[in-house]
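Trainee: How does the following fold in three dimensions:
(one chain, ligands or ions: 1)
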Amino acid sequence: MTNIRNIMILTGAGVSAESGIDTFRDSGGLWEKHRVEDVATPEAFARDPELVLRFYDMRRAAIQTKQPNAAHAALARLEAEWAKRVPGGTVTLVTQNVDDLHDRAGSRNLIHMHGEHLNAWCTACDERVPWRAPLLDRPACPACGVPALRPDIVWFGEMPYRMEDIYGALREADLFVSIGTSGAVYPAAGLVRGARDIGARTLELNLEPSQGSAWFDEARHGPATQVVPAWAEEMLSGG
Ligand code: BJW
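Mentor: The predicted structure is shown next:
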């Protein structure tokens, strides 16, 4: 791909699937086992905090046993090496994922738009603190001492994080790449249309066509651990 300077990448659960983390909407995914309205809304948390905390405690423990895969590694390498290939060029990685596998693979220009399992948010003092232990037993907030911690996850009806930064990077993008996401959740699913509006090229890398596949100039289908390293290598070798 020629004339590409700034790249924005959006990832979803599919990029972590081969690390053993369940996706949301695939068969056997997380929401086949839990109704979304029972666990992923502020109303659910108000109604049944124990159910919600148990669900997130289980997933927070699980991700700590998982490892980044070849797709996470390829995206970290692309970020590290892209500016050597295109001086001044940037790679911005926006992830919907709440695991820390991109961080552990080495991605640095990274935005977790839907929050992070390994943070807790104190609803009393508004601090966000690194957190690896269970929340079910209602521990005190390390900052203010009040037992008012909740998972630092953006639930339905809540505003995703750093939208100004995301739209700012999108305005500068020459290439928008969506990886491993069904395109079912907004505003993330609308970013491809924003990219097209400013004339960026759009590419989808996914196991199968997503709900938004009509919006992409090009699509490559296959497991993330295969299609992502192949694409990153192509970008770095000037293909
Ligand atoms: C592979 C693979 C492999 C598998 N290799 N690929 C009506 C219309 C439009 C919008 C709305 C509406 N009604 C309500 C809304 C808004 C709502 C929304 O979008 N609802 C939809 C259901 C319609 N959105 C919100 O409420 C958001 N907030 C908001 O809109 O605020 C107002 C606002 C206005 C204007 C600007 C900005 C804001 C908040 C959304 C929060 C989402 N949070 C969650 C977390 C839940 C908690 C938890 O973790 O338990 O984020 S929901 C869940 O879905 C999670 C994910 O990040 C997100 C996206 O899922 P993802 O990653 O796409 O996963 P899957 O499973 O859907 O897809 C996996 C894909 O991978 C598939 O395509 C597979 O094929 C593929 N795959 N294996 C490659 N090996």
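
Trainee: The closest residue to Gly180 other than its chain neighbours: how many residues sit nearby?
Mentor: Excluding its sequence neighbours, the residue lying closest to Gly180 (CB to CB, 6 or more residues apart in numbering) is Gly14, at 2.4 Å. Yep, even glycine has a C-beta here, placed from its N, CA and C like the rest. By other CB atoms under 10 Å, 24 other residues sit near Gly14.

Trainee: likewise Pro209?
Mentor: 13.

Trainee: And for the one 10 residues further on?
Mentor: Ala219 is flanked by 17 other residues according to other CB under 10 Å.

Trainee: That one pairs with what?
Mentor: Residues in a beta bridge with Ala219, per DSSP bridges, are Glu204.

Trainee: Spell out which parts of the chain neighbour the ligand.
Mentor: Within reach of the ligand by CB under 6 Å from any ligand atom, the chain has these residues: 12-14, 17-18, 23-26, 29, 40, 96, 98, 114, 153-160, 163, 180-182, 184-187, 206-208, 210, 223-224.

Trainee: Strands - which of those land there?
Mentor: Assigned to strands by DSSP state E, the following of the residues of the chain next to the ligand qualify: Ile153, Asn206.

Trainee: Narrow the residues of the chain next to the ligand to those in helices?
Mentor: Gly14, Ala17, Met163, Ala224 (DSSP state H).

Trainee: Just give me the closest of those to Ala105.
Mentor: Taking CB to CB as the measure, Ala105 lies nearest Ala224 of these, at 12.3 Å.

Trainee: neighbours of the closest one, just the number please.
Mentor: 26.

Trainee: now do Gly29
Mentor: 15.

Trainee: Outside of stretch 192-209 itself, list whatever touches it.
Mentor: With CB atoms under 8 Å, 6 or more residues apart in numbering as the test, stretch 192-209 has contacts from 1, 4, 8, 10, 14, 17, 167, 170-171, 173-181, 183, 210, 212-213, 215-224, 227-228, 231.

Trainee: Please identify the buried residues of it?
Mentor: Within stretch 192-209, the residues scored as buried using 16 or more other CB atoms under 10 Å are Val192, Gly194, Ala195, Ala200, Arg201, Thr202, Leu203, Glu204, Leu205, Asn206, Leu207.

Trainee: for the record, mean pLDDT for it?
Mentor: If you average the pLDDT over stretch 192-209, you get 97.

Trainee: thinking again about what came up before, what would the ones in helices among the residues of the chain next to the ligand look like in TSV with pLDDT and distance to Arg85?
Mentor: Formatted as TSV, these follow (pLDDT from 0 to 100; distance: CB to CB, whole Å):
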residue	pLDDT	distance to Arg85
Gly14	97	26
Ala17	97	29
Met163	98	29
Ala224	98	22
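
Trainee: Which single one of these is nearest to the ligand?
Mentor: Gly14 (2.4 Å; CB to the nearest ligand atom).
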